[in-house]
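Colleague: need a 3D model of the sequence below.
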Amino acid sequence: MFKKSQQLYNKGLVNLVGAVNSPVRAFASVGGNPLFIKKAKGSTITDVDNNTYVDLVLSYGPMILGHRHKKVQKAITKALKKGYSFGASTKNEIKLAKIVCDAFPGMDKVRFVNSGTEAVLSGIRLARAYTGKDKIIKFAGCYHGHQDALLVAAGSGLATLSLPGSKGVPEGAVKNTLIANYNDLESVKAHFDNHNDIAAVIIEPVAGNMGVVTPQDNFLKELKAYINSRGALLIVDEVMTGFRSKFGGAQEVLGVEADITCLGKVIGGGFPVGAYGARNEIMQMVAPLGGMYQAGTLSGNPIAMAAGISTLTELKQQNPYQKFNEIAQIFEGFLLESAKKYGVDITVNRFGSMLNPFFTNKKVTNFKEAQTSDTKKYATFFWEMIKNGVFLPPSQFEAWFLSSALTQKDIEKVAKAIDKSMEKVAKVAVES
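Modeller: You can find the predicted model right below:
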């Protein structure tokens, strides 16, 4: 079934690190060798052995319209004919900037970069420049890219590999990083009681790298009010959540306005794009207007800008958010009903077009609770879903994503796959 993927994996081991270019692709937490993909279209993705799957990974979020949407494809093709990269400004940078800023209240200016990691590290530098303070608070289980200062208690990738941090990160790089617990304001207040040089708190408004974990009650609102009263900024990392629960940010759905917003994924339509933005008084700090330096040769790449504009324009026109909520609710129902049928303990969390099951009987509101999940059961579930034609993230701690290309036939296929996979989980549990 996966013969050619196995062959490519063996070849890849020679010149690639672990035959992959991002650790989660190695399938370390689910066992077996990674699948190699050759093409995708609409709601489906096809591997090199010609197995086709309903895609619920969607490149970890960007492909919100599905793969190779005809309008996006047309825009990219048109841009390609004009050149690939200029190292100079283009009209489309201005156009995409307006679309993004208009979608986020409190964002007057934006700077495009090349990845979510770059957006976050720039956003943190900006917060430090604006406040004149050094320390940052992050939440255990939230992942904000692989920069040194934030590779501590960083969720998904590191949790998948059971690593508490990363080798190669010097102690000095994280000395200004403080760790709080998600959904626990008191853990944030404790840091402010002990430190007077905190520049910002960075958070995923809906955590997507410890599975989908949502803020409880008024956590985000109370967090913003408190840290602003202490002279610190709120950095909201919407690299994953941006444009996935509404045309704009999850922060607006949750009733909070970031001081600095970081973006990626959807705004590039599948191309490498990141961005950070804020109100004028903060963005005035960024070079060439101010003293906070940040630059990038490929920032605002014309192909990526074309993909982003066409993706967001089509997304706004489709307005698929109610449909996303309905499908996510349907999938949640499938998971819960099937788990109950076969006596498997799960908890399902969802927000907008993101969801995932945790193989635990506990409510999951933070990283500690997420880690009670039975990852062996998830591994069984994952491979059975693959065998039944549904492509899932190869990690218990990654979100499933929905695209507007999903059809009723796809939904029915997912339902059947869930039932067969949950039955397999129960059977393996009994045998072991």
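
Colleague: can you count the residues close to H69?
Modeller: 25 (other CB atoms under 10 Å). (Glycine included, C-beta is placed from N, CA and C.)

Colleague: I figured it hits T313, correct?
Modeller: No. With contact defined as CB atoms under 8 Å, H69 does not count as touching T313 (11.0 Å).

Colleague: determine the longest helix present in the protein.
Modeller: Longest helix in the chain, counting residues (DSSP state H): helix 408-431.

Colleague: give me the mean pLDDT for that helix.
Modeller: Average pLDDT, helix 408-431: 95.

Colleague: just the CA atoms of that helix, as CSV, please.
Modeller: Only the C-alpha atoms of helix 408-431 are listed here, as CSV (Å, rounded to 0.1, in the frame of the first residue of the first chain):
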residue,chain,number,x,y,z
GLN,A,408,-20.9,15.7,1.3
LYS,A,409,-19.2,12.6,-0.2
ASP,A,410,-16.0,13.6,1.7
ILE,A,411,-18.0,14.0,5.0
GLU,A,412,-19.6,10.6,4.6
LYS,A,413,-16.2,9.1,3.9
VAL,A,414,-14.7,10.6,7.0
ALA,A,415,-17.7,9.3,9.1
LYS,A,416,-17.1,5.7,7.9
ALA,A,417,-13.4,6.0,8.5
ILE,A,418,-13.9,7.3,12.0
ASP,A,419,-16.2,4.4,12.9
LYS,A,420,-13.8,1.8,11.5
SER,A,421,-10.9,3.4,13.1
MET,A,422,-12.5,3.7,16.6
GLU,A,423,-13.5,0.0,16.3
LYS,A,424,-9.8,-0.8,15.7
VAL,A,425,-8.7,1.3,18.6
ALA,A,426,-11.1,-0.6,20.9
LYS,A,427,-10.0,-4.0,19.5
VAL,A,428,-6.2,-3.2,19.9
ALA,A,429,-6.8,-2.0,23.5
VAL,A,430,-8.5,-5.3,24.4
GLU,A,431,-5.8,-7.4,22.8
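
Colleague: without its sequence neighbours, what residue ends up closest to F382?
Modeller: V30 (4.6 Å; CB to CB, 6 or more residues apart in numbering).

Colleague: hang on, the earlier thing: which residues sit against the longest helix of the chain?
Modeller: Helix 408-431 is contacted from outside by 43-44, 54, 56, 327, 330-331, 334-335, 338-339, 341-344, 359, 377, 380-381, 384-385, 388-390, using CB atoms under 8 Å, 6 or more residues apart in numbering.

Colleague: restricted to helices, list those.
Modeller: Among those, the ones falling in helices (DSSP H) are 327, 330-331, 334-335, 338-339, 341-342, 377, 380-381, 384-385.

Colleague: list buried residues within those.
Modeller: 327, 331, 334-335, 338-339, 342, 377, 380-381, 384-385 (16 or more other CB atoms under 10 Å).

Colleague: off-centre distance for stretch 114-128?
Modeller: Chain-centre distance of stretch 114-128: 15 Å, with CA atoms, centre = their mean, to the nearest Å.

Colleague: repeat for stretch 72-88
Modeller: The answer for stretch 72-88 is 26 Å, by CA atoms, centre = their mean.

Colleague: how about that stretch: buried residues?
Modeller: Those would be 72, 75-76, 79, for stretch 72-88 by 16+ other CB under 10 Å.
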